[in-house]
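Undergrad: missing the sequence, but the structure's below:
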């Protein structure tokens, strides 16, 4: 997902039907500045 949102709380439903097991990374950017990167571990 690559969208701009207004201030507030948001929840993302991440379904992994098309992705294989493994380690995935996601990043949070604010006004184009990298704020944080985290990992998601997907086990099937």
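TA: Nice, thanks for sending it over. Keep in mind that what you see is a predicted model, and the values were worked out from it rather than measured.

Undergrad: list the contacts of residue 25.
TA: 37, 38, 39, 40 (C-beta atoms under 8 Å, 6 or more residues apart in numbering). C-beta coordinates here come from the backbone N, C-alpha and C atoms, glycine included.

Undergrad: can you check residue 41 too?
TA: Residue 41 touches 22, 23, 24, counting by C-beta under 8 Å, 6+ apart.

Undergrad: which residues does the first one contact?
TA: Right, residue 22. 41, 42.

Undergrad: what sits opposite it in the beta ladder?
TA: Here residue 22 shows beta-bridge partners residue 42, assigned using DSSP bridges.

Undergrad: who wins for neighbours among the contacts of residue 25?
TA: In terms of neighbour count, residue 40 stands highest of the contacts of residue 25 at 12 neighbours, by other C-beta atoms under 10 Å.

Undergrad: what's near enough to touch that one?
TA: Contacts for residue 40 (C-beta under 8 Å, 6+ apart) come out as 14, 23, 24, 25, 26.

Undergrad: what about it, distance to residue 14?
TA: Using C-beta to C-beta, to the nearest Å, residue 40 is found at 7 Å from residue 14.
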